[in-house]
Structure formats: structure tokens, C-alpha cells
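Q: 3D model of this:
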Amino acid sequence: MEPALHRRIADDLRRRIATGELAVGDALPSESQLCDEWDASRGPVRQALAALRAEGLIGGGRGRPPVVRAERLAQPFEDFLSFSRWARQLGRVPGQHTLEVARRPVTREAADVLGLDEGEHVVQVLRQRLLDGAPVMVERTTFVAPVGQLLFDFDCDSGSLYEYLIGRGVDLSVARHVFDAVPADDTDATLLDVDPGAPLLRERRRACTADGEPLEYSDDRYRSDLVTFTIENARQSVPALLRTGVL
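A: Residues are numbered from 1 along each chain as shown. Below you'll find the model as predicted:
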């Protein structure tokens with residue numbers, strides 16, 4: 001299903017900003033120009049501009065064309081897109097270095113989240129994630145064994161784990177995200193090029209099937225100077241969770 005028109009307009013403007021086609025300080029096309037470009041009424045155009053304002057991408061006074069304020073990247077989590085797809089949609093190059101793919105007994109924390117007994121075997125993945133070659137996140141992911149074992153036939157440095165698993169018929173439909181701040185441990189510091197103890201933004205995610213069966217638990221740690229999360233909500237609508245980057 002094609003995204004709603006206001007989302008397509010917003011995505012295109014984000015792409016122009018991310019690629020430098022619209023630089024910080026540049027004025028965006030006027031509402032009337034965007035209406036002509038997209039063969040749209042003012043409603044979808046104004047919705048798209050409102051979304052970019054909420055993300056901090058654009059600003060400007062009333063009666064004047066909006067101005068680019070920052071080079072940020074945003075991904076609506078309601079679509080549950082992977083890190084790789086998020087980056088590619090906005091004109092950036094995703095990357096990853098896989099440090100480990102291993103079958104081992106589940107940890108207590110992951111067992112609680114995945115509904116497993118302690119000692120059951122799972123598949124754990126440790127990866128460094130990159131945007132345009134720069135390290136931005138350390139990904140520690142635990143999959144239940146029937147799902148994780150599929151990764152032993154996949155080159156985890158070649159692209160998105162989610163895209164591969166979904167292509168193999170795995171139902172990753174629903175996710176719950178919990179956010180907090182943690183100090184960088186030695187592994188984080190090495191992989192993210194920060195000092196030990198530096199503040200990181202942590203996302204802990206549980207991914208389930210449409211029926212609620214847990215399949216994955218991930219502890220993802222982002223450089224807080226490069227990535228932030230924003231929640232955008234409105235009356236009578238489902239809140240949208242936005243991941244943003246400031247590379």
C-alpha cells in the first residue's frame with residue numbers, strides 16, 4: 001500500500017535536506033509550489049510541513065517560506081522499518097560490522113522478555129551499525145532459536161537482518177520500545193569511538209509476531225550526540241515515534 005500523500009511529501013523533503021539539496025538556512029519551496037509539484041491540495045502539504053517542524057528540521061515565521069534548521073534524519077517507527085531501510089530512504093549509506101553470531105544459553109533478562117526458561121538456547125548477534133561509514137550504534141540482539149538459526153546461512157555484514165528474516169517468512173509485526181540512558185562500557189566505547197562512561201541512548205526492543213509471540217529482544221546503544229528520538233502526537237491519532245540523526 002502506497003504511503004499517504006503527506007508522508008510522501010515529508011519523506012521527499014527529508015531526503016532533500018539529508019542529501020544537501022536543501023542546506024541549512026535554505027528556504028523550502030512555498031506551499032503553492034509544493035501543491036503544484038505534487039498535484040496536491042494545501043492540506044497534505046501543511047501536514048508534511050508540520051511533521052518536519054515537529055522534528056526540528058524546519059522553522060520560520062508566519063507568512064514566510066519555512067527555512068531548513070538542521071540536517072536530521074527521521075524514521076516513523078509505526079512502519080517498523082529496519083535501520084538499513086531508514087538510512088537508505090533518506091539518502092544515507094547504512095553499514096554494519098558483525099562481531100559475533102553465536103548460539104548460547106539465554107541470559108536472565110532476555111529470558112524474561114522472550115518468555116523462555118533460563119538455560120534455553122538462543123542466537124545472539126553483536127553488530128556495530130554505521131551511517132556513511134561513521135559508527136552510531138552498537139546492536140546486541142537475541143533471537144529465539146528457530147528464528148536465529150536462520151542467520152547462520154546469512155552474511156550479517158551484507159545488509160538488514162530484518163529484511164532477510166521477513167523474506168524467509170518470519171513474522172516481525174509488532175514491537176515495544178523502552179528508552180533510557182546508560183554509560184558506555186568498554187565494548188561500547190571501542191565500537192562507538194567514545195570514552196568509557198560516555199552517555200549513550202539505549203533502546204531496548206521486543207519484537208513479536210502479529211499474535212504476540214516474542215521472537216527478538218535487542219539492546220541497542222546509540223551515540224547520544226548523533227541520534228535522538230522524538231515522539232510526535234496529536235489528538236485522535238496514534239503517536240509516531242521518530243528516530244533522528246545529526247551526522
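Q: Kindly check the end-to-end length of stretch 140-150 for me.
A: Start and end residues of stretch 140-150 are separated by 17 Å (CA to CA, to the nearest Å).
Q: That one: which residues count as buried?
A: 140-144, 147-148, 150 (16 or more other CB atoms under 10 Å). Placement of C-beta: from N, CA and C, glycine included.
Q: Save those residues as JSON lines, and put in secondary structure, pLDDT and distance to Arg104 too.
A: JSON lines is the format used below for these (DSSP: H, G, I helix; E, B strand; the rest coil; pLDDT from 0 to 100; distance: CB to CB, whole Å):
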{"residue": "Arg140", "secondary structure": "strand", "pLDDT": "97", "distance to Arg104": "13"}
{"residue": "Thr141", "secondary structure": "strand", "pLDDT": "96", "distance to Arg104": "13"}
{"residue": "Thr142", "secondary structure": "strand", "pLDDT": "97", "distance to Arg104": "9"}
{"residue": "Phe143", "secondary structure": "strand", "pLDDT": "97", "distance to Arg104": "12"}
{"residue": "Val144", "secondary structure": "strand", "pLDDT": "97", "distance to Arg104": "13"}
{"residue": "Val147", "secondary structure": "helix", "pLDDT": "97", "distance to Arg104": "15"}
{"residue": "Gly148", "secondary structure": "helix", "pLDDT": "97", "distance to Arg104": "10"}
{"residue": "Leu150", "secondary structure": "helix", "pLDDT": "97", "distance to Arg104": "17"}
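Q: and those residues as a markdown table, adding distance to Thr228?
A: Below are the buried residues of stretch 140-150 laid out as a markdown table (distance: CB to CB, whole Å):
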| residue | distance to Thr228 |
| --- | --- |
| Arg140 | 20 |
| Thr141 | 21 |
| Thr142 | 25 |
| Phe143 | 27 |
| Val144 | 31 |
| Val147 | 30 |
| Gly148 | 30 |
| Leu150 | 32 |
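Q: so which of those residues would you say is closest to Arg15?
A: The closest of those to Arg15 turns out to be Thr141 (CB to CB; 28.0 Å).
Q: coming back round to it: nearest to Ala40, out of the buried residues of stretch 140-150: which one, please.
A: Closest to Ala40 out of the buried residues of stretch 140-150 is Thr141 (39.7 Å), distances taken as CB to CB.
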